[in-house]
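Asks: Provided below are the primary sequence and the corresponding predicted coordinates.
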Amino acid sequence: MNIKAKILAPFLIAAIPMAAMANDYTLKVSMSVGEKDPMFAGAQYLKTNVEKRTDGHLKVEIFPSGQLGSVEGVQEMAMFGQNVAAITDSGRLSVFSKEIGVIGVAYAAKDYDEMKKIVETDLFKSWEKKLEKEGLHVLSFNWFQGSRSFMTNKPVNKPEDLNGMLIRTPGSAVWSESISALGATPTALPWAETYPAMQQGVVDGFEAQLPATIAASLQETIKYVAETEHFQLMTALVAGEEWFSSLPKEYQKILLEESSKAGAYASDITNKNIADYKRTMEEDYNVKFIPVDKTPFIARAKTVFKKLGYEKEYKELQDALK
């Protein structure tokens, strides 16, 4: 080693720990919906602001249309420490925090405003915290995807019209039991497989929100939308607790703040564009919207709270809203 190298060596060695402190981190955000969906726009908003506030040291990569796998699969990856996050629903999270599943029961909330109030209560936040013990960390629970209704090729005006109809829905118990109570036969399919399933007649219909339907071009496969609005689909952006805890405290704070802002941004797009989505489906695809009487559907849904043991949680949420 020459004299210059000997002189510089201690300084180079001393500099290594400081360089190690400037670690870069990457979060891969997964969603089942496509790039035309407001959730994708929300994720882009998240990416821009997180990377700006961390000078690019915390990067956000976005994977729409289930590119990283199923929502359940990505949740599991997160639980085992991988640098992934999923936009997921209360039904899928109820496997790890049972109480949180109550908002996934049909007609748990009458509209977006009521659902927004529910997820902001201290009670609901306490249920979110339980997920951390299971290896999941809720970054924000305010990604509103819209009201879900039945989309079919036969008109549906009342629950009895759904009898014998095979309806695609996510596979969690709160979803399946709700759809069954409303009169249909639920069948679990990945969202990406719904289009070919409709084309091939594997299912008779599906239940979904308008933004996701258009993003997946599923309006091409239906003739009717029964406006039951049975689910107010408020979803969460959830990462792994192990990965989240590995971030510097300042990055944790930034990620939580920007996730909340991004969820609000995506929700705002959803709500502002609902009328346009409906108009597009009616005028460009001749889809007929049926303004059903929700009363008999709501009556049937009440049985699900009891069947799944959610009567206590539902009452607690209603009390929390007062």
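Replies: The structure has been received and is ready for your questions.

Asks: how far away from the center of its chain is whichever helix or strand His230 is part of?
Replies: Using DSSP states H and E, His230 sits within strand 224-240. In terms of C-alpha atoms, centre = their mean, to the nearest Å, the centre of strand 224-240 is set 8 Å apart from its chain centre.

Asks: following that strand, which helix or strand shows up next?
Replies: helix 241-246.

Asks: counting contacts, what elements does that following helix pack onto?
Replies: Packed against helix 241-246 by the contact rule (3 or more C-beta pairs under 8 Å, 6 or more residues apart in numbering; DSSP states H and E) you find strand 136-152, helix 249-285. The C-beta positions use only the backbone N, C-alpha and C, and glycine is treated the same way.

Asks: okay, strands next: where are they in the stretch 1-150 of the chain?
Replies: Taking DSSP state E, counting those that start in this stretch as the test, the strands found in the stretch 1-150 of the chain are 25-30, 58-63, 84-88, 136-152.

Asks: before we move on, the earlier item: just name the most buried of the helices and strands packed on helix 241-246.
Replies: strand 136-152 (a mean of 25; mean count of other C-beta atoms under 10 Å).

Asks: follow-up on the earlier one: just send the strands of the stretch 1-150 of the chain back as CSV, with mean pLDDT too.
Replies: Below are the strands of the stretch 1-150 of the chain laid out as CSV (pLDDT from 0 to 100):
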stretch, mean pLDDT
strand 25-30, 98
strand 58-63, 98
strand 84-88, 98
strand 136-152, 98
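
Asks: now those in CSV, with distance to Glu99?
Replies: Shown next, in CSV, are those (distance: least, C-beta to C-beta, whole Å):
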stretch, distance to Glu99
strand 25-30, 25
strand 58-63, 29
strand 84-88, 16
strand 136-152, 13
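
Asks: so which of those strands gets nearest Val119?
Replies: Nearest to Val119 among the strands of the stretch 1-150 of the chain is strand 136-152 (4.9 Å), distances taken as C-beta to C-beta.

Asks: next, the angle helix 249-285 makes with that closest one.
Replies: 0 degrees (axes from the mean of the first three to the mean of the last three C-alpha atoms, to 10 degrees).

Asks: quick check: next helix or strand after strand 136-152?
Replies: Using DSSP H and E, the first helix or strand after strand 136-152 is strand 166-169.

Asks: what pairs with the closest residue to Asp89 other than its chain neighbours across the strands?
Replies: In this structure, Asp89 finds its nearest non-sequential neighbour in Thr235, 5.0 Å apart by C-beta to C-beta, 6 or more residues apart in numbering. Taking DSSP bridges as the rule, Thr235 bridges to Trp143.
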